[in-house]
Every structure is written in C-alpha cells, then in structure tokens.
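Undergrad: generate a structure from the sequence data that follows.
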Amino acid sequence: MRDNIPNALHGERLDRVIAIMTGLSRSAVSALIKSNQVLRNGQIAQSISEKVVEGDELEVHLEPGNSDIASLDGDSEVLFRIVYSDEDIVVIDKPVGLVVHPGAGNNHSTLANGLIHHFPEMAAVGPINRPGIVHRLDKDTTGLLVCARTQEALETLTVALGEREIERVYLTIVAGRPDAPKGTIDAPIGRSRRARTRMTISEEGREARTHYELLESWANPKEASLLRCKLESGRTHQIRVHLRAINTPVLGDSIYGKPDPFGIGRPLLHAAELSFQHPVSKKNMSFLAPMPPDFEMAVDTFRARNI
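TA: Predicted coordinates:
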C-alpha cells in the first residue's frame, strides 16, 4: 500500500494512521513497523509513535496471506443515492448514519462497501479500506461526495482537493443569529489536548477558513438561523468548530453545539453543493443535493412557527 497522509490525519501517531488506512489491528501495524516494512517519505519508519504530517508518503509492505489484513467486500444493503457516474468518477448523496470508510476492526456496512458493490473495480483504487475515497463526511453529516473509479482519477482529484480546487458548500441550522449577515471565520484548528477526538481553535493548529452567509433567521421556538457555509480549507469538524467560535453552534451537535428543539439528534449539517473539474475530461462539473427529510422538516417547522 502506498498513499499520502490526508489533512484529517495530520499530527496523528503513525500506528493509528496505518491502522485507519489499511484496516489492520494496532498489533499488526506494530509488527510491520518493527520489521522495517513501513517507509515514510522513502525512509524506514523508526517508531510506532512518531507523528505524521499532511502530505507524507507512506509505503506499507503487506505480506500476502496475512490473515489480519482486512479485505473489503461489496455490500448490497448499503443504501445511498448515485447522483452521477461515468467511467472515471461517481458522485453520491450520503444519507445520515452512514460511515464513509472502515476503521480498524470495522469492515462492514460503510459507503466504501456499497461503492464496491456497485463498482467492483474500485476495490483496487487507493488504500484497501478507502477505495476511491477523495474526501469524507462525518457519519451524521449528509450530502455530496465525489469518489474515483480509477487510480488516475483518484490522484488527480486528491491533488485538486489539496489545492482547494474542489468547492464544497454546506447548509446548516445554528442556534442564534450571527452578528453580520455575511462573514469569514479565519481561525486555525487543531486537535484538543483534553479530548483527542475533539477539535478546537488553537494558535498551534492549522490554517482554516470558512465563509458563511445568513439565508434565514427565526425567533420561535428558539432563535435559530439557516446558514450557507463555504469551505476554503477542509479541517476535521471545521464548520462545527468555527460556528461555535462565533456563538452560533450547529443545532443537534452533541460535541460542539446545542440540542435541536425537535429531537432530531444529529448535527443539522448538509453538504448541499459540490463543484470541481472532471479529472479526465477537464469539464467543469457542479452538483446539488436537496435537503434530507429531517433537515427539511426542521426548516419547514421553523418557518411555520414564524409566520
């Protein structure tokens, strides 16, 4: 396996990163590192605990027949809407509750499994447990993703993502109302020292910029707003962390936000627009995803109570 470190794994331990990217257990990863089977930027990795940097090239020599290596099977029961597909790419509309790709010890019922069911050739594109995955959405975030059906498309789209040439726009419902109807939140984001699963604004973090626009605001049953957010960078939990920083946390977000008044129970965040240049034809492509039912219900209810 050979792949580059995405920004979401910047600063993580080497053994954890390899476990995530390959589906191997930590013990199997440790054995590979100790037997000099892992190269980082062309050099033999020295320690399981060394921290990786975005863009690092990892090369992992996997032994054929290693029973601990996860094989990723197609799964016809994984449901999602295919918005567009051709011989190079597929654009999907991810529903709530669907994990994008397996982690260590979990190789089933993910978007990746569903993609392999529809497009078996994708099993050979990219890392073992992230076939064709260019970017990701959190489990409970809905909306658009572009995936690659060929290695060439994957590499081209990955570069485009890193150079901020893939435009991603989200809709979200937040508590309160921003001070200005339009604005840019420019604040670096890093991993929290108190809780490693959380992100926070930190001077030691990485550059992050979110542009927002107020679309609607309501007073009842609680003050809330519908925002359109455009990512200029793509840090983990970026929109959720940035909106909390300006005192308009995402409704339903149990980590950074506030409970939604309707008991929906997930962050009301939806990847609604996606634009990029086709990796082969170079044609400009744009896609829209309608609000999912729970998100639309929340908007309709706010509107009905504020006539």
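
Undergrad: let me see the backbone angles for the residue lying closest to Phe302 once chain neighbours are set aside.
TA: Closest residue in space to Phe302, ignoring its immediate chain neighbours: Trp218 at 4.3 Å, by C-beta to C-beta, 6 or more residues apart in numbering. C-beta: built from backbone N, CA, C; applies to glycine. Here is the backbone geometry of Trp218 (degrees, to the nearest 10): phi -140, psi 160.

Undergrad: hey, what's Trp218 bridged with?
TA: Ala224 (DSSP bridges).

Undergrad: wait, what's in contact with it?
TA: 224-225, 302-303, 305-306 (C-beta atoms under 8 Å, 6 or more residues apart in numbering).

Undergrad: in TSV: those residues, plus pLDDT and neighbour count.
TA: Output for the contacts of Trp218, formatted as TSV (pLDDT from 0 to 100; neighbours: other C-beta atoms under 10 Å):
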residue	pLDDT	neighbour count
Ala224	96	26
Ser225	97	22
Phe302	96	22
Arg303	96	12
Arg305	94	13
Asn306	93	13
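
Undergrad: using the three-state scheme, assign the closest residue to Ile48 other than its chain neighbours.
TA: Nearest non-adjacent residue to Ile48, counting by C-beta to C-beta, 6+ apart: Asp15, 4.1 Å away. Assigned with DSSP: H, G, I helix; E, B strand; the rest coil, Asp15 falls in the helix class.

Undergrad: Asp15: neighbour count?
TA: Look at Asp15: counted by other C-beta atoms under 10 Å, it has 24 neighbours.

Undergrad: swap in Leu243?
TA: With other C-beta under 10 Å as criterion, Leu243 counts 27.

Undergrad: tell me which element it falls in.
TA: helix 238-245 (DSSP states H and E).

Undergrad: now swap in Asn113 and tell me
TA: helix 111-118.

Undergrad: tell me what that helix is packed against?
TA: strand 89-94 (3 or more C-beta pairs under 8 Å, 6 or more residues apart in numbering; DSSP states H and E).

Undergrad: returning to that earlier point: just flag the most distant two among the contacts of Trp218.
TA: Greatest spatial distance among those (C-beta to C-beta): Ser225 and Arg305, at 14.2 Å.

Undergrad: quick check: beta-bridge partners of Gly190?
TA: Assigned bridge partners for Gly190, using DSSP bridges, are Thr200.

Undergrad: and the residue nearest the centre of the chain, how far is that from Lys94?
TA: Taking C-alpha atoms, centre = their mean, the centroid of the chain lies closest to Arg136, which sits 2.6 Å from it. Relative to Lys94, Arg136 is positioned 9 Å away (C-beta to C-beta, to the nearest Å).

Undergrad: and stretch 188-195, how far apart are its ends?
TA: End-to-end distance for stretch 188-195, by C-alpha to C-alpha, to the nearest Å: 17 Å.

Undergrad: mind checking how far it is from the chain centre?
TA: The chain centroid and the centroid of stretch 188-195 are separated by 17 Å, computed with C-alpha atoms, centre = their mean, to the nearest Å.

Undergrad: same thing with stretch 102-120?
TA: How far stretch 102-120 lies from its chain's middle: 15 Å, per C-alpha atoms, centre = their mean.

Undergrad: quick one: the helices in the chain?
TA: Using DSSP state H, the helices found in the chain span residues 14-22, 26-34, 111-118, 151-162, 238-245, 293-304.

Undergrad: now these as TSV including distance to Lys182?
TA: Converted to TSV, the helices of the chain look like this (distance: least, C-beta to C-beta, whole Å):
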stretch	distance to Lys182
helix 14-22	37
helix 26-34	46
helix 111-118	33
helix 151-162	25
helix 238-245	14
helix 293-304	20
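
Undergrad: of those helices, which is nearest Pro178?
TA: Of these, nearest to Pro178 by C-beta to C-beta is helix 238-245, at 8.4 Å.

Undergrad: how far out from the middle of the chain is the closest one?
TA: Computed by C-alpha atoms, centre = their mean, the chain-centroid distance of helix 238-245 equals 15 Å.

Undergrad: for it, name the packing helices and strands.
TA: strand 167-175, strand 182-186, strand 189-191, strand 199-201, strand 209-218, strand 224-231.
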